[in-house]
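In: Would you be able to build a 3D model of this:
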Amino acid sequence: MQILLIGLGSIGKRHLNNIFSLGYTNIAIVSSKKVLPEEYKHLSVFATIQEAVQKQQFSSAIICVPTAQHIYTLQQCLHANIEHIYLEKPVSNNFNDIQTIVTNYPNANIFVGFDMHYDVGLQKVKSLIEEKIIGNIVSVNAQVGQYLPDWRPYEDYSKGMSAKKETGGGVMLDLVHEFDYLYWLFGNANTIAAMYKNSGSLKIETEDIAEVLLHFENGILGTIHLDYLQQKLVRNCLITGSEGSIKWDLVQSKVSWILKDKLEYEFSYTGFERNERFINIMKDFLSQKHNALTTNFSNGLASLKMVLAAKYSSENNVFVKLDEFHPA
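Out: Okay, the predicted model is just below:
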């Protein structure tokens, strides 16, 4: 297997190291960096995808460029006949050229990098929901917040992708996992409303806080809170049903639930390390087979559409019907 990794930022390095750990060695890099870190100097490096595919053939590509460059880079890979592609989440920051890819490359094997499906706790939550342990789901409340300067302390956050509109930053795209895993757990939303703002606290271009309201096709009501401001990472979800409730807490690596008889239960997965999510999703990608945990291109578009509809709602002060919303 010949693998082309495009982009060697923090997520690109993580994927590269994980690929090495899985025993793959036929890897080449596309990077704007003229000098690679010492541990990667044995790899072939190219300035562009065109240069890379002129020199050798690739069976797989992993796209780790800024969000706003995702679709252009994906088109280049598909045009070069690389049809097994891992695309970092979210799919894009808009719907430009999306239909071209859907129409022209219907058989492309595209994985979207929603690694949160590989969190053992969320998998437990999905299992409990499918077992109807808390009866019929009534509502779900998801939240995530973490102080942006702490994300990558080795770089100036104000110059990073998250801080800039042109690269596809902002909490709603950056923290798209929440939109995705709610879609994964509960299916399509039919109505969405939101308010977002730039608080001014971080002196960045993009929104740093957002509140989203969802109504799912199955009748479930949901909320999502997203921010770049909380001094300690918070990531959890509370699901309320007719027979009890379930709470997932990523920080505590714990799922707890309480039933109608007031008995409480707990599932702890404190030994599970975050990087295991990335290793396991990469294993599935490199095996070239989709399964219940992987996200294809179509499903990746569902969460992107929710984000764009939420932005439209906030900017126009309206509720948005998703089946009538056509992001341009």
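In: domain assignment for this structure?
Out: The chain breaks down into these structural domains: 3-112, 119-270+297-324 (assignment by automatic domain parsing).
In: Need phi/psi at the residue located most distally from the centre of the chain.
Out: Here the centre of the chain is the reference, and by Cα atoms, centre = their mean the most remote residue is residue 261, at 36.8 Å. Residue 261 adopts backbone torsions of phi -80, psi 10, taken as degrees, to the nearest 10.
In: per-residue confidence at it?
Out: Predicted confidence (pLDDT) at residue 261: the value is 92.
In: returning to that earlier point: export the domains of the chain to TSV and tack on distance to residue 291?
Out: Glycine gets a C-beta too; all of them are placed from N, C-alpha and C. Supplementary listing: those in TSV, determined by distance: least, Cβ to Cβ, whole Å:
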stretch	distance to residue 291
domain 3-112	11
domain 119-270+297-324	12
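In: Of those, which is nearest residue 287?
Out: domain 3-112 (10.3 Å; Cβ to Cβ).
In: end to end, how far does that closest one reach?
Out: Taking Cα to Cα, to the nearest Å, domain 3-112 runs 16 Å from one end to the other.
In: And for stretch 32-47?
Out: With Cα to Cα, one end of stretch 32-47 sits 6 Å from the other.
In: buried ones in it?
Out: Across stretch 32-47, burial judged by 16 or more other Cβ atoms under 10 Å covers 40, 43, 45-46.
In: Identify the residues contacting that stretch?
Out: 8, 13, 16, 27-31, 52, 55-56 (Cβ atoms under 8 Å, 6 or more residues apart in numbering).
In: So, low pLDDT: which residues of the protein?
Out: Within the chain, no stretch has pLDDT under 70.
In: quick one: the residue nearest to residue 116 when sequence neighbours are not counted from residue 157, how far?
Out: The shortest distance from residue 116 to any residue other than its chain neighbours is 4.6 Å, reached at residue 177 (Cβ to Cβ, 6 or more residues apart in numbering). Applying Cβ to Cβ, to the nearest Å, the value for residue 177 to residue 157 is 19 Å.
In: Give me the more crowded residue out of those two.
Out: Between residue 177 and residue 157, counting by other Cβ atoms under 10 Å, residue 177 is the more crowded of the two (23 against 19).
In: do you know how far that one is from residue 70?
Out: 16 Å.
In: repeat for residue 60
Out: 16 Å.
In: ditto for residue 196
Out: 21 Å.
In: same deal with residue 235?
Out: 24 Å.
In: likewise residue 24?
Out: 23 Å.
In: Residue 127 now?
Out: 32 Å.
In: between those two, who's got more neighbours?
Out: Neighbour totals were compared for residue 127 and residue 70, and residue 70 leads with 23 against 12 (other Cβ under 10 Å).
In: ranges for the helices of the stretch 151-300 of the chain?
Out: Applying DSSP state H, counting those that start in this stretch to the stretch 151-300 of the chain gives helices spanning 171-174, 177-186, 274-287, 297-316.
In: For the ones you listed, state which one has the densest average packing.
Out: helix 171-174 (a mean of 26; mean count of other Cβ atoms under 10 Å).
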